[in-house]
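Novice: predicted coordinates and the sequence they were generated for:
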Amino acid sequence: MSGIAEVLADSGIDIRALTIADTTDFGILRLIVKDAEKAKKVLQSSGYVVSINQVIGIEVQDIVGGLAKVLRILDDAQVNIEYMYDFLAIKEDKAYIIIRVENNVKTTEILTHNGIRCISNDDIVF
């Protein structure tokens, strides 16, 4: 992890969110950065295996039940979440959730229709 952080720092790439999962054979590091293509290029040139996945960012009220509301909407619409993680929002009383789903367009429409704000990279990276 320190090697990845150093490569990104040396290239001026700020990490805004991350999550790590491991298995017995390897680990998976998921990052939210401002310039994903640049991050991919510098990490690959340093010998790391990298892929870019499209995810959805969601702004959730940072209150008891805020996440439950979003998950109920997705469950009712039969949207399967492959993975998710959260991180601190820049805005007070908000939480940001990152989700990976099979169909980003359909899921974004469902969320927006139900009053859930989907965020862009500009909301979390400055």
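Specialist: Looks like it arrived, so ask away.
Novice: any idea which residue is closest to the centre of this structure?
Specialist: Per C-alpha atoms, centre = their mean, the C-alpha nearest to the average position across the chain is that of I98, at 3.6 Å.
Novice: and that residue, which of the three is it?
Specialist: For I98, the assignment made with DSSP: H, G, I helix; E, B strand; the rest coil gives strand.
Novice: thought it was touching E82?
Specialist: No: the pair formed by I98 and E82 falls short of the contact definition of C-beta atoms under 8 Å, at 11.2 Å. C-beta: built from backbone N, CA, C; applies to glycine.
Novice: export the worst-scoring helix or strand of the chain on mean pLDDT as PDB, just CAs?
Specialist: When the helices and strands of the chain are scored by mean pLDDT, DSSP states H and E, helix 121-124 comes last with a mean of 74. Listed in PDB are the C-alpha atoms of helix 121-124, where the atom choice follows Å, rounded to 0.1, in the frame of the first residue of the first chain:
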ATOM      1  CA  ASN A 121     -16.200  13.300  -9.300                       C
ATOM      2  CA  ASP A 122     -16.300  17.100  -9.100                       C
ATOM      3  CA  ASP A 123     -18.300  16.800  -5.800                       C
ATOM      4  CA  ILE A 124     -15.600  14.800  -4.100                       C
END
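Novice: what helices or strands is that helix leaning on?
Specialist: strand 56-61 (3 or more C-beta pairs under 8 Å, 6 or more residues apart in numbering; DSSP states H and E).
Novice: quick one: contacts of the next helix or strand after the strand it packs on?
Specialist: For strand 56-61, the succeeding helix or strand toward the C-terminus, using DSSP states H and E, is helix 66-76. Outside of helix 66-76, the residues that reach it under the criterion C-beta atoms under 8 Å, 6 or more residues apart in numbering are 58, 60-61, 81, 86, 95, 97, 101, 107, 110-111, 114, 116.
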